[in-house]
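[1] From the sequence below, what's the structure:
(2 chains)
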Amino acid sequence: MERACGPSAAWRRVHLFSRERALLRIVFLLLPLPAFAISLLIGTYTLPPEDAIGVIASHVFNLNFDHPSVYDTIIFNIRLPRILLAMMVGMALSVSGAAFQGIFRNPLVSPFILGVSSGAAFGAALSIGVFPQIPVQIGAFVFSLVAVGLACAMSRVKGRTPPVSLVLSGVIVSAVFGSLLAIIQFAVDEKSLQSIVYWNMGSLSTACWSKFDHSFPMVAAGCLVILMLRWKLNVLALGEEEAQSVGMNSEFYKSIFILASTLAASAAVAVAGIIGLVGLIVPHMVRMIFGPDHRTLIPLSMTFGAAFLVLVDDLARAALGFEVPVGVITTLLGAPFFVYLLRATKGGGWE
Amino acid sequence: MKKIVYATTSMVFLMALCLALTFMPAAAQDENATGTITVTDDRGKSMEIPYPCERIVFLVENAMNTMYAVEGADNIVGIGDIWMEEEKAPFFRAIDPAFDQKVRISKEGGMVNMEALALADPQLVVLWSSDWDDEVTVAIEENLGVPTFGVFIDDLNDTLAQAEVFGRIIGKEERAQEVQDDMSQYISKVTDVTSQIPDEERPKVYWMWNDVLGTAGTESTANDLIYLAGGINLMQVWDDEAASMEHPTLNLETLVELNPDVIYIWYNQNLDPEDVLTGSDFAGWKDINAVKNGQVYEITDPFVFDFHSPRLPLALMLLAKNLQPEKFADLNLDEEVDNLFVDLYSVHYPGYAPA
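    Next up is the predicted model:
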């Protein structure tokens, strides 16, 4: 009798599960805030946390806190630009990855699938080894856009861009730029070769306000477009015919998403080098936990990606006195966690 | 009886000594007489090569400068890649009229062009190497059957020793001794003064390689150069195992905490001292003593001040004038550069007119 009147066990389970998930969603959404705060207090310079908090409070609330000027430099000119850059890069790569995976309906896709990374690596190498008068960031950014533009142009058939053709064109363009990079690496002197290899590892060690200022508008624009149109990804993820059957101009929206994702990822790669796995595993992790709905997936990929990379970069810059390329740590830390989630969710939310 | 035994033993000992003294130089003469000599390279590898060695290929440019200093221009038959060749070629042409006729051996992807090397038909190949088994060494020795002399300079004395061994290889021992004496004389102009400076009075120097946060570890030639010039390498005061790496990469916060008094930039096409002092990308550096006091310098000419070549004393003088300006106020660097070029290469600098 009681069972008939009260909520069923299945209903309670679902209700509890959705409550937990909602709570977890809020945690993931707010994750960048504690990550930001913790990162501001971490570093190799001996700055006690209470002094760091005092310095920040004195600036934010205009309080009188007596401290050496070097503390301001450490917090506002060294840690803050690097933290913001790390969060921005993490956000850009993750959201681009999530968007690309949705457009191509393929779990193996990352922001680099259309040649962003290989184009950027070639552009950076060209700047380092052949035309040192061109800033590395400019070279990397321009050639990452060129690579994606070529992939899109090559795959376009009769006014349409089939996803499979696009992915294959991306693979070809990546291979071509990979070969061009190899030619430069073969031809340059050992000093330049060393710089090219180091750039390819991905690092945030040279973070500064100008790098953040130059790249942020492009990353913000790309992320904002994806965020605002994220529900369209749900329709695109159903497939071309399904999208057209509900009246969506799939070609138009696909182009918008590719453009926005490429802009964000290129700007990020240009300032940080090639940071592996972030754009692949962060969207997967979020999807495994919250499901494939892009209305949730996109904002949570942004926040989780930002928090993930800034915390990993904390390790890169503060675990040892010397720098470890952050791209190396993202791979070493991300890969086992990803494998665990993959096994725990039996297929990573794609089945 | 005892006296007889004693006398006999003494006689035998004396005869043995005489024989040994007679035999030793004979062995050396025999070696030369048979046309070979045994030398040991910087890797500790001994090799027997023709004496005097008349056909040598240099795949390492710094060491080639030493061969030119010991008057071995005619013994060089092949040359590898030269970094910034456009700037350096006028010098090489001035001291070696046959410079443009030497066989050029390019190096791509870490491997030398073996056919070009074979064309030079060398009796010895000099290359930068720290490992007996590196792939270039193995390829040259196995494919061409030519011994390789590995140059690996991790101590400034290695450059002095290089003059001696190169002179011996080409049979110009006297000239090699002159070069060593000249270099030592120039070096002592600095070290006679700086050796008196206690460590606590030496400025802490951050050596900036091209990767900006990459520096010279305690086991490096730049470390020795800084000390001889009157400073102390910042890595000497960093309590971290990474300090002994040849090329540690610092974290900016660590650099600010170590707070160098002087920053020395090794030749950088994309960066000037002014960028470090006032550039917006270097806002995080502004509390470092070197920046606050305007003590940021650069080796703007990596050819003249190449400290892996016999021009090492010039690099030393340049650093000394910046690190200890009061003590070296009277040192006329332009004059010293010209004098050293005349002494080592018989040309004036700049212009390379014959001396």
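
[2] which parts of the helix or strand harbouring residue A:186 are buried?
    According to DSSP states H and E, residue A:186 maps onto helix A:163-187. By neighbour count with 16 or more other CB atoms under 10 Å in any protein chain shown, helix A:163-187 contains the buried residues A:163, A:165-167, A:169-170, A:173-174, A:176-177, A:180-181, A:184-185. Quick note: C-beta positions are derived from backbone N, CA and C, even for glycine.

[3] Relative to residue A:238, which of the residues you listed is nearest.
    Using CB to CB, residue A:163 comes nearest to residue A:238 of the buried residues of helix A:163-187, at 12.5 Å.

[4] Contact partners for the closest residue in space to the closest one that isn't next to it in sequence?
    Leaving aside its sequence neighbours, residue A:163 sits nearest to residue A:104 (CB to CB, 6 or more residues apart in numbering or on different chains; 4.9 Å). Contact analysis of residue A:104 by CB atoms under 8 Å, 6 or more residues apart in numbering or on different chains lists A:113, A:163, A:166-167.

[5] Need the max-distance pair from the residues you listed.
    The widest separation within the contacts of residue A:104 (CB to CB) is 10.5 Å, between A:113 and A:163.

[6] Share the number of residues neighbouring residue B:81, please.
    Residue B:81 has 16 neighbouring residues, counting by other CB atoms under 10 Å in any protein chain shown.

[7] right, and the secondary structure at it would be what?
    coil (DSSP: H, G, I helix; E, B strand; the rest coil).

[8] Now do the same for the residue nearest the centre of chain A: its pLDDT.
    Residue closest to the mean C-alpha point of chain A, counted by CA atoms, centre = their mean, is residue A:93 at 1.9 Å. Residue A:93 carries a pLDDT value of 94.

[9] State the next helix or strand along the chain beyond whichever strand or helix holds it.
    Secondary structure assignment for residue A:93, by DSSP H and E: helix A:80-104. Using DSSP H and E, the helix or strand that follows helix A:80-104 in sequence is helix A:116-125.

[10] For chain A, see how far away residue B:286 is.
    6 Å (CB to the nearest CB, to the nearest Å).

[11] so that residue touches residue A:74, yeah?
    No. Using CB atoms under 8 Å, residue B:286 makes no contact with residue A:74, being 11.2 Å away.

[12] Compare those two (neighbour count), which wins?
    Counted by other CB under 10 Å, residue B:286 and residue A:74 do not tie: residue A:74 has more neighbours, with 27 against 17.

[13] Spell out which parts of the stretch 151-300 of chain A neighbour chain B.
    Within the stretch 151-300 of chain A, the positions lying close to chain B (CB under 8 Å from any CB of the partner chain) are A:185-187, A:189, A:191, A:194-195, A:198, A:205-206, A:208-211.

[14] ok, and the most crowded of the residues you listed?
    That'd be residue A:205 among those, by other CB under 10 Å, with 24 neighbours.

[15] measure the closest residue to it other than its chain neighbours to residue B:308 for me?
    Once flanking residues are discounted, residue A:205 sits nearest to residue A:323: 4.6 Å by CB to CB, 6+ apart. Distance, residue A:323 to residue B:308, by CB to CB, to the nearest Å: 26 Å.

[16] And residue A:193, by the same measure?
    Distance from residue A:193 to residue B:308, by CB to CB: 18 Å.

[17] what does residue B:299 give?
    Distance, residue B:299 to residue B:308, by CB to CB: 12 Å.

[18] same deal with residue B:177?
    21 Å.

[19] Between these two, point out the one with more neighbours.
    residue B:308 (21 against 14).

[20] which ones are touching the closest residue to the more buried one other than its chain neighbours?
    Leaving aside its sequence neighbours, residue B:308 sits nearest to residue B:62 (CB to CB, 6+ apart; 4.1 Å). Residue B:62 makes contacts with B:151, B:153, B:306, B:308-309, as judged by CB under 8 Å, 6+ apart.

[21] between those residues, which is nearest residue B:113?
    The closest of the contacts of residue B:62, once distances to residue B:113 are taken by CB to CB, is residue B:151, at 19.6 Å.

[22] what is the closest one paired to in the beta sheet?
    residue B:128 (DSSP bridges).

[23] doesn't residue B:125 make contact with it?
    No. In this structure, residue B:151 is not within contact of residue B:125 by CB under 8 Å, at 10.9 Å.

[24] Near chain A, which residues of chain B are found?
    Counting by CB under 8 Å from any CB, the residues of chain B near chain A are B:81, B:83, B:108-109, B:210-213, B:238, B:240, B:242, B:248-254, B:256-257, B:269-270, B:280-284, B:286-287.

[25] Filter the residues you listed down to the buried ones.
    Buried by 16+ other CB under 10 Å: B:81, B:210-213, B:238, B:240, B:242, B:248-254, B:256-257, B:281-284, B:286-287, out of the residues of chain B next to chain A.

[26] any weak-confidence spans in chain A?
    A:1-17, A:321, A:341, A:345-351 (pLDDT under 70).

[27] Residue ranges in chain B under the pLDDT threshold?
    B:1-34, B:109-110.

[28] any chance you could map the strands in it?
    B:36-40, B:46-50, B:56-58, B:76-79, B:103-104, B:107-108, B:111-112, B:124-128, B:148-151, B:204-208, B:232-233, B:262-266, B:296-299 (DSSP state E).

[29] Give me the sheet partners of the third one and which way each runs.
    Okay, so that is strand B:56-58. In the sheet, strand B:56-58 lines up with strand B:76-79 (parallel), strand B:124-128 (parallel) (DSSP bridges).

[30] Just say which of the ones you listed is most tucked in.
    strand B:124-128 (a mean of 23; mean count of other CB atoms under 10 Å in any protein chain shown).

[31] export it as CSV, just CAs?
    Listed next in CSV are the C-alpha coordinates belonging to strand B:124-128 (Å, rounded to 0.1, in the frame of the first residue of the first chain):
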residue,chain,number,x,y,z
LEU,B,124,91.0,13.0,-40.3
VAL,B,125,87.5,14.4,-39.7
VAL,B,126,87.1,16.8,-36.8
LEU,B,127,83.5,17.1,-35.5
TRP,B,128,81.5,18.2,-32.4
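
[32] Quick one: residues in contact with that strand.
    B:49, B:53, B:55-60, B:63-64, B:67, B:80, B:112, B:117, B:136-137, B:140, B:146-152, B:169.

[33] Stretch A:121-132 now?
    Counting by CB under 8 Å, 6+ apart, A:134-136, A:138-144, A:146-147, A:177-178, A:180-181, A:184-185, A:187-189, A:192-193, A:195-196, A:199-200, A:273-274, B:269-270 sit against stretch A:121-132.

[34] Show me the residues you listed that map onto helices.
    Those of the contacts of stretch A:121-132 mapping onto helices are A:136, A:138-144, A:146-147, A:177-178, A:180-181, A:184-185, A:187, A:192-193, A:195-196, A:199-200, per DSSP state H.

[35] Surely residue B:114 is in contact with residue B:144?
    Yes. With contact defined as CB under 8 Å, residue B:114 reaches residue B:144; the gap is 7.0 Å.
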